[in-house]
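Participant: here's a sequence, model it:
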Amino acid sequence: MYLNPKTPHILRQIKPAITIFVLLTIITGIAYPLLVTGLAMIFFPWQANGSLYDLHNHHTGSDLIGQPFTSEKYFWSRLSATSPSYNSSLSSGSNYGPTNPAYLERMTSSVQDMQAKSLNAATLIPVDLITSSASGLDPDISVASAYYQIQRVAKARGIDARELTALVNQHIQGPQYGILGESRVNVLALNQALDSYQESGDHSIISSSEKISDKTPVIFGIRGTDWIQFAIFFILLFALVVPVGRYMVEMYQGKSSGIFRIFRTTETWILAKAGIRPDDEMDYKTFAIALIIFNLLGIIVVFLLQQIQQYLPLNPLNLGPVAPDLSLNTAVSFATNTNWQAYAGETTLSYLTQMLGLTVQNFISAATGMAVLVALIYGFSRREAETIGNFWVLLIRSVWILLPLSIILSLILVSQGTIQNFNAPVEIQLLDPLTDNGSVVASTQVIPQGPAASQIAIKLLGTNGGGYFNANSAHPYENPTPLSDILEIIALLLIPAGLCYTFGSMIGSIKKGIALLIAMVIIFIPLVGLCYSAEQSTNPFFSQLGIDQTASAIQPGGNMEGKEVRFGVLHSALFAVSTTATSCGAVNAMHDSFTPLGGLVPLMMIQFGEIVFGGVGSGLGVMIVYVIIAMFIAGLMVGRTPEYLGKKIEPPEMTLAAVVILIPIVAILVGTAIAVVTTAGTFSILNPGAHGFTEILYAFSSAVGNNGSAFGGLSANTLFYNCALALAMIIGRYPMLILLLALAGSFVQKKTVPPSGGTLQDHRPLFIIWLVFVIVSIGVLSFLPALALGPIAEFLVQGGMMHV
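Facilitator: This next block holds a predicted model:
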């Protein structure tokens with residue numbers, strides 16, 4: 001039964017909001033995870049259940065989760081910031097900044113301890129061996145770190161060093177498929193093999209006892225393998241832009257052939273249940289009302305789920321209710337596509353809450369942004385009209401775009417080792433019980449479980465970013481291999497990049513959409529290079545301590561604090577820049593532990609407005625606002641009325657565009673200013689000085705920009721930050737979407753005017769260069785003073801420390 005058209009606009013949207021929310025929750029929060037779990041158990045059961053080692057019908061560990069080793073007879077793992085060490089119940093990085101005195105003191109102490117216990121003290125210590133990982137659970141060390149420990153372990157075991165070298169060589173994992181990631185050694189697997197080797201009494205060695213070479217080709221100061229990985233990444237990404245863009249065009253146009261017929265039939269049924277006529281289009285005000293009601297419903301449901309999860313099923317840890325202020329922060333965070341997380345997923349949310357609450361919002365919040373973009377496209381593609389589409393239709397079709405892609409990506413991730421099950425956590429006996437001054441601190445390790453892959457896929461494809469685990473995509477169960485990592489980076493860029501093609505196709509000029517994509521790439525590539533260079537560079541202070549930071553064939557080198565060995569510097573830098581360019585917020589390394597310039601880049605990417613490539617839908621929407629501003633300025637310079645896509649840009653549109661740009665700038669700077677002058681704001685800082693200021697600036701930039709990543713040293717689970725950042729997320733999301741809809745409503749009423757001789761061609765190189773200049777100018781001029789107080793000041797401080 002369809003709704004009475006005479007019913008007031010607000011009341012007319014309540015029934016559709018409730019009906020569609022319930023049905024999409026069943027599809028995305030129940031059917032989708034169950035389908036992925038079923039397929040995972042059929043095709044990849046070992047990986048889906050945690051890649052667990054078994055011995056005599058007992059689990060002895062996981063191939064992907066590291067363990068602590070303190071005995072002289074074992075190879076040692078990397079440092080872990082978890083407490084106790086390698087506590088897989090709560091993953092975490094150290095989040096020490098590079099200038100933190102406590103970090104420098106820890107490094108000095110670690111080097112001295114390592115040199116005292118080593119039999120080759122004259123040899124430089126590989127940097128990954130004395131830095132802590134991003135997850136606290138890194139299962140690997142570099143080949144160089146394994147070689148460094150051979151003399152010590154050989155002496156403790158009474159084994160010939162050459163035999164031990166051969167055993168290490170047998171356990172070297174080269175780059176995946178010969179090109180992805182770093183060469184590494186799984187410490188648990190090596191130590192288990194070491195025990196078996198010595199217990200068996202068979203000391204015959206088949207493999208070579210010679211250490212492999214650390215030589216690797218270097219081109220312009222960058223390893224040849226890194227150049228290849230950069231090339232593979234960009235080739236895969238750009239090869240997928242056109243097919244994904246076309247797929248989205250067909251979905252939005254309601255194609256009903258092939259697989260689309262299934263979605264079209266389901267869509268028709270859902271709309272009928274909701275009382276919505278597919279052809280009953282909306283003006284921008286009605287569209288905005290529907291959007292706000294639907295998203296408000298999502299906030300309420302996620303908040304209530306957290307309050308009652310103790311009474312619901314799929315809660316094997318018997319987790320209780322979440323604190324109200326944290327619940328509100330989390331609910332707002334996921335509804336706004338921010339996915340800021342002031343909690344640890346392993347210890348805070350049940351499986352059901354993650355599924356019905358977070359996974360559903362990952363779909364819905366992303367679909368909301370995509371629906372707004374299509375409405376804006378209609379504003380340009382239609383002439384002298386009043387409507388910009390139907391929110392409910394565009395929302396559902398956006399979900400149809402995300403759903404099959406998420407299923408495919410989920411299964412690929414499971415094949416690599418990402419877990420997908422409903423099992424209770426598994427307790428295993430540590431191979432080397434953790435001791436402190438002779439007392440056993442921990443003899444077991446709890447391996448987490450749960451339906452992770454289904455949530456991780458949509459967190460990336462929807463540029464959401466909320467991790468299933470505390471360490472996010474640094475966690476070995478979220479992002480187990482270099483292949484999964486490169487696919488996760490491509491996934492978070494895929495739809496934003498593909499939407500450029502979709503935009504061009506739907507306005508009738510693909511080259512104009514590609515022009516926007518080229519502008520994004522022009523900004524993106526140099527900043528990736530800057531971040532990579534900063535993180536790969538050596539630290540003179542570490543060199544003085546006897547630490548080897550040189551990138552080679554057997555170690556990643558560079559700044560390895562807060563990074564996983566399997567990823568090294570290249571993957572970590574590429575992920576950091578990509579996730580902040582797209583308002584995703586997922587991380588595979590701890591940004592708080594980046595160098596000053598390395599941390600500056602992701603912060604700047606957020607402050608540019610996260611339009612390169614931007615969040616799904618909303619990012620390209622704001623990019624179009626920058627285009628409007630660029631065209632307006634260009635028009636003033638030549639003394640003619642500016643226009644874009646044949647629509648004149650007049651004072652009302654320019655006012656809306658200016659407000660869209662100003663809202664995040666003002667909200668970020670005001671929020672940061674309030675935090676740094678209040679005790680409640682500064683109390684949570686981990687790293688002192690300029691780095692601590694950056695932690696706060698990053699937090700408000702991330703919240704307002706709906707990014708969700710963090711300089712994790714800031715303890716954000718406080719009443720002040722839970723409330724302040726929730727408000728910042730709302731300000732950064734809904735006023736922006738409403739203003740984009742208002743722009744669509746304004747442009748859709750205009751007639752199209754033909755271009756003249758003075759029109760700036762909106763696909764030519766001059767237009768692209770001019771657009772990039774406007775974006776960079778606004779971003780830099782708006783935030784340069786704040787950046788000077790944060791990462792730039794820290795860079796100068798670090799330089800001064802090196803000369804002391």
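Participant: in contact with the nearest residue to G136 once chain neighbours are set aside, which residues?
Facilitator: Closest residue to G136 apart from its sequence neighbours, by C-beta to C-beta, 6 or more residues apart in numbering: T82 at 3.8 Å. (Each C-beta comes from the backbone N, C-alpha and C, glycine too.) Counting by C-beta atoms under 8 Å, 6 or more residues apart in numbering, T82 touches S88, L90, S91, S92, G136, L137.
Participant: hang on, isn't Y468 packed against A344?
Facilitator: No. Judged on C-beta atoms under 8 Å, Y468 makes no contact with A344 at a distance of 10.6 Å.
Participant: settle it for me: which of those two has more neighbours?
Facilitator: Applying other C-beta atoms under 10 Å to Y468 and A344 shows that Y468 carries more neighbours, namely 28 against 17.
Participant: once you drop chain neighbours, what's closest to that one?
Facilitator: In space, Y468 is closest to A452, 4.1 Å off (C-beta to C-beta, 6+ apart).
Participant: got the phi and psi for that neighbour?
Facilitator: The phi/psi pair for A452 (degrees, to the nearest 10) reads phi -80, psi -50.
Participant: number of nearby residues for it?
Facilitator: 27.
Participant: and for L304, the neighbour number?
Facilitator: Around L304 there are 13 residues (other C-beta under 10 Å).
Participant: how about it, phi and psi?
Facilitator: Taking degrees, to the nearest 10 as the convention, L304 sits at phi -70, psi -40.
Participant: and for V111, the neighbour number?
Facilitator: Counted with other C-beta under 10 Å, V111 comes out at 18.
Participant: my read: it touches I130, true?
Facilitator: Yes. When contacts are counted by C-beta under 8 Å, V111 is listed as touching I130 (5.9 Å).
Participant: give me the common contacts of these two.
Facilitator: I547.
Participant: could you list every residue that touches the spatially most central residue of the chain?
Facilitator: Closest to where the C-alpha atoms of the chain average out (C-alpha atoms, centre = their mean) is A586, at 1.6 Å. Taking C-beta under 8 Å, 6+ apart as the criterion, A586 is in contact with 459-460, 464-467, 472-473, 488, 492, 575, 579, 708-709.
Participant: how does it look with 6 Å?
Facilitator: If a contact means C-beta atoms under 6 Å, 6 or more residues apart in numbering, then A586 has G465, N472, S473, T579 as its contacts.
Participant: helices and strands around the strand ranked longest in the chain, which ones?
Facilitator: Identified as the longest strand of the chain according to DSSP state E is strand 426-436. The contact analysis (3 or more C-beta pairs under 6 Å, 6 or more residues apart in numbering; DSSP states H and E) places strand 426-436 against strand 58-62, strand 439-447.
Participant: got CSV for those strands, with mean neighbour count and distance to V753 too?
Facilitator: Converted to CSV, the helices and strands packed on strand 426-436 look like this (neighbours: other C-beta atoms under 10 Å; distance: least, C-beta to C-beta, whole Å):
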stretch, mean neighbour count, distance to V753
strand 58-62, 19, 64
strand 439-447, 15, 64
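Participant: for these, which one sits closest to V676?
Facilitator: strand 439-447 (38.2 Å; C-beta to C-beta).
Participant: contacts for the very next helix or strand once past the closest one, please.
Facilitator: Once the chain leaves strand 439-447, the next helix or strand it forms, by DSSP states H and E, is helix 453-461. Applying C-beta under 6 Å, 6+ apart, the contact partners of helix 453-461 are 33, 36, 354, 359, 362-363, 402, 405-406, 409-410, 413-414, 418, 420, 465-466, 468, 478, 488, 491-492.
Participant: stretch 607-622 now?
Facilitator: 337, 366, 369-370, 372-373, 376, 462-463, 493, 495-497, 499, 520, 523-524, 581-583, 623, 701, 705, 740, 779, 783.
Participant: and those, which are buried?
Facilitator: Buried residues within the contacts of stretch 607-622, counting neighbours by 16 or more other C-beta atoms under 10 Å: 337, 366, 369-370, 372-373, 376, 462-463, 493, 495-497, 499, 520, 523-524, 581-583, 623, 701, 705, 740, 779, 783.
Participant: gap between the residue nearest to the centre of the chain and A102?
Facilitator: Shown here: A586 relative to A102, a distance of 27 Å by C-beta to C-beta, to the nearest Å.
Participant: what do you get for S88?
Facilitator: The value you get for S88 to A102, if C-beta to C-beta is used, is 25 Å.
Participant: next, count neighbours for the closest residue to F380 other than its chain neighbours.
Facilitator: Nearest-residue entry for F380: L645, 4.6 Å, with adjacent residues in sequence omitted and distances by C-beta to C-beta, 6+ apart. A total of 19 residues lie near L645 under the criterion other C-beta under 10 Å.
Participant: thank you kindly, that will do.
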